[in-house]
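Chemist: show me the folded form of this:
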Amino acid sequence: MLKRFTFLAITALILQGCGIAMPRYEANFDNVQVLKNQAPLAKLNSPAVVADAGQDSIVARANPIRSPEGSISKHVQKALEDELRLAGLLDASASRHLDVNLRQSKLDAPIGTGSGAISADFNLREGERSLYSSSKTVTSTWDSSFVGAIAIPAAANAFNPLVRKLLAELYQDPAFINAMQQ
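Modeler: From the prediction side, this is the model:
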């Protein structure tokens, strides 16, 4: 009986894995270059990112995946700030502000193919006036192992490419660039 229980416990650990932290987001050179190549763009003060209920944390196979920033909304906010700063577009005294609402943030790591999605509403404002408003959704897939100790870190590593893709969608939107040039 004890051998069977030990075998089941070890099997469960192998299949389940444990909660892990995703890597820090590193500003993407291509994203920064897209912004730099559109000059002159107006500067923004620090963006504000909030998340709908239940969207500020991520789990994969019932294991929490933690952001080094503390939450998913702070993770996305830090990514935006880093790329805007490197593009020379972040200024604490700027009158323009980018509000972001995360509507969906998820990672699934079943056996076979993992998938992830991020959906966000972006609203560029100057004072009370909205200059740009749009919703963006990005998805991705990756190979997901049978073994949880492999699949869960793979899911955690898939989140930053989703953020990069979401921000690229924003930066490459002609309506956003037009609003930033006004």
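
Chemist: mind listing what's buried along the longest helix along the chain?
Modeler: As assigned by DSSP state H, the longest helix anywhere in the chain is helix 148-171. Across helix 148-171, burial judged by 16 or more other C-beta atoms under 10 Å covers 148, 151-156, 158-160, 162-171. Heads up, the C-betas are built off the backbone N, CA and C, glycines and all.

Chemist: try stretch 34-50
Modeler: In stretch 34-50, counting by 16+ other C-beta under 10 Å, buried: Val34, Leu35, Gln38, Leu41, Ala42, Lys43, Leu44, Ser46, Pro47, Val49.

Chemist: which of these fall within strands?
Modeler: Judged by DSSP state E, the buried residues of stretch 34-50 include Val49 as members of strands.

Chemist: quick one: the helices in this protein, in order.
Modeler: 2-16, 29-36, 72-86, 148-171, 174-181.

Chemist: hey, least reliable of those by pLDDT?
Modeler: With a mean of 48, helix 2-16 has the lowest mean pLDDT of the helices of the chain.

Chemist: nearest residue to the residue nearest in space to the middle of the chain other than its sequence neighbours?
Modeler: Nearest to the mean C-alpha position of the chain, counting by C-alpha atoms, centre = their mean, stands Val163 at 3.4 Å. Leaving aside its chain neighbours, Val163 sits nearest to Ala79 (5.1 Å; criterion: C-beta to C-beta, 6 or more residues apart in numbering).

Chemist: correct me if wrong: the one you found contacts Tyr25.
Modeler: Yes. At 4.2 Å, Ala79 counts as touching Tyr25 under the criterion of C-beta atoms under 8 Å.

Chemist: between the two, which contacts overlap?
Modeler: Asn160, Val163, Arg164 (C-beta atoms under 8 Å, 6 or more residues apart in numbering).

Chemist: ok, so of those, who is nearest Asp99?
Modeler: Nearest to Asp99 among the shared contacts of Ala79 and Tyr25, counting by C-beta to C-beta, is Val163 at 17.1 Å.

Chemist: ok, the closest one to Leu86 distance?
Modeler: Plainly put, Val163 is 15 Å away from Leu86 if you go by C-beta to C-beta, to the nearest Å.

Chemist: can you check Gln172 too?
Modeler: 17 Å.

Chemist: what's the pLDDT at Ala39?
Modeler: Ala39 is given a pLDDT of 74.

Chemist: now do the one 3 residues further on
Modeler: Here the pLDDT value assigned to Ala42 is 94.

Chemist: and it, backbone torsions?
Modeler: Taking degrees, to the nearest 10, you get phi -70, psi 150 for the backbone angles of Ala42.

Chemist: residue contacts, it?
Modeler: Leu89, Ala94, Arg96, Met180, Gln181, Gln182.
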